[in-house]
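Student: this one's structure only:
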């Protein structure tokens, strides 16, 4: 019986314990920089549409949709930078899990880019017959 009462309170939204748990999980990471990571973007969202959506929360320094180099289409995520951390926090609270261009977007603190060493050139091995292996094509002659 106690379980059903607790379950009913959760469904009705009167359980402060559950509300505080979800609220703390949603904002568990605090902003340390005014840069935000926006995911879940519509592929047709442009830099201008992103600026329009995030401008009401403060002074934008940059709003950049990340594009695929080969296809020149959006990769579905972006970065937004504000002049202050307070403005970025307001934008995070105001835009997280909201619709933009018909899609639900998610706003999180941006993480610093991880260092990746430059790719090393692979040594090409030739066989005694003058053929070498090519990983993308197979065998090819010299």
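Tutor: Right, received. Where do you want to start? Note that the structure is predicted; figures quoted are calculated from it, not measured.

Student: for the chain, just list every one of the helices.
Tutor: 2-12, 16-26, 47-54, 85-95 (DSSP state H).

Student: lowest mean pLDDT across those, which one is that?
Tutor: Between these, the lowest average pLDDT goes to helix 16-26, which shows a mean of 41.

Student: neighbours of residue 111, how many?
Tutor: Here the count is done by other Cβ atoms under 10 Å, and residue 111 has 10 residues near it. The way it works is simple: take the backbone N, C-alpha and C, and place the C-beta from them, glycine included.

Student: that one is in contact with residue 33, isn't it?
Tutor: No - with contacts counted by Cβ atoms under 8 Å, residue 111 stays clear of residue 33, the gap being 9.5 Å.

Student: can you pull out the strands in this structure?
Tutor: 35-39, 60-67, 74-82, 98-100, 103-109, 131-134, 138-141 (DSSP state E).

Student: which stretch in these has the least confidence?
Tutor: Among those, strand 138-141 carries the lowest mean pLDDT, a mean of 54.

Student: now do the contacts for the closest residue in space to residue 67 that isn't next to it in sequence.
Tutor: Excluding the flanking residues, the one nearest residue 67 by Cβ to Cβ, 6 or more residues apart in numbering is residue 74, at 6.0 Å. When contacts are counted by Cβ atoms under 8 Å, 6 or more residues apart in numbering, residue 74 touches 41-45, 65-68.

Student: hmm, 10 Å instead?
Tutor: Neighbour list for residue 74: 41-47, 65-68 [criterion: Cβ atoms under 10 Å, 6 or more residues apart in numbering].

Student: list buried residues within those.
Tutor: 41-42, 45, 65 (16 or more other Cβ atoms under 10 Å).

Student: can you spell out which residues form a bridge with residue 104?
Tutor: Beta-bridge pairing of residue 104 under DSSP bridges involves residue 99.

Student: that one against residue 97, yeah?
Tutor: Yes - under the criterion of Cβ atoms under 10 Å, residue 104 makes contact with residue 97 at 6.1 Å.
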